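Engineer: Build me a structure from this.
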Amino acid sequence: MKRRVVDLSRDEIKDGLVECHGIVADVAKLYNCDRTQLNRVILEDEELTEFYRNAKEILKDFVEAQLLALIRKSHPAAIIFYLKCQAKERGYVERQEVTAKDGEPLGQIAVPIRATSIEEWEAQNAAA
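Structural biologist: Below you'll find the predicted structure:
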C-alpha cells in the first residue's frame, strides 16, 4: 500500500531530494508514494521548491565536474560534446546537410500555403 504524500514531513522530503539528487520519481519510490502528488506538494511549497531546484543544481555541478575530468583525460566524445554545447560561437555546431541521393542540392522546395481544391486547380490551369 502506498504511503500518503501528506504524511511526509518537509524534512523527509528534503532528505529524499538530497539522497535522490532532486529526481522526484526516485524520491517517490524511496517513500513508496505517488510521484504526481509528491511533485505537486513540492511545487506548492516555496521552501521545498527552492530546495528541489538546489538539489538539481548540485547534480548538474557534479555532472559537469565528471565531464571536465573526462576532458582532462582527452576523452574525444566528452571534448566534442563540450564544444558543441559551449563553443557554438566559435563554429562548433552540428549541421545537418540535406541533399539529394547523389549529394546534389535538392533545389527549391515549394510548400503551398493551403490546399487547392480540384475546381480551383482546373480554373487556374484551364487558361494555361
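Engineer: any chance you could map the strands in the protein?
Structural biologist: Along the chain, counting by DSSP state E, no stretch forms strands.
Engineer: Give the residue spans of it that score low on pLDDT.
Structural biologist: By pLDDT under 70, the weakly predicted segments of the chain are 95-97, 109-113, 127-128.
Engineer: what about the helices in it?
Structural biologist: Using DSSP state H, the helices found in the chain span residues 10-19, 24-31, 35-44, 46-72, 76-86, 118-126.
Engineer: okay, those helices, which one's buried deepest?
Structural biologist: helix 24-31 (a mean of 18; mean count of other CB atoms under 10 Å). Heads up, the C-betas are built off the backbone N, CA and C, glycines and all.
Engineer: related to what we said a few turns ago, to residue 104, which of the helices of the chain lies closest?
Structural biologist: Evaluated with CB to CB, those place helix 76-86 nearest to residue 104, the distance being 27.7 Å.
Engineer: residues in contact with that closest one?
Structural biologist: 67, 70-71, 90, 92-94 (CB atoms under 8 Å, 6 or more residues apart in numbering).
Engineer: now that helix, how far from the centre of its chain.
Structural biologist: Distance of helix 76-86 from the chain centroid (CA atoms, centre = their mean, to the nearest Å) equals 17 Å.
Engineer: quick check: angle from that helix to helix 46-72?
Structural biologist: 130 degrees (axes from the mean of the first three to the mean of the last three CA atoms, to 10 degrees).
Engineer: quick one: residue 8 and residue 27, what's the gap?
Structural biologist: 9 Å (CB to CB, to the nearest Å).
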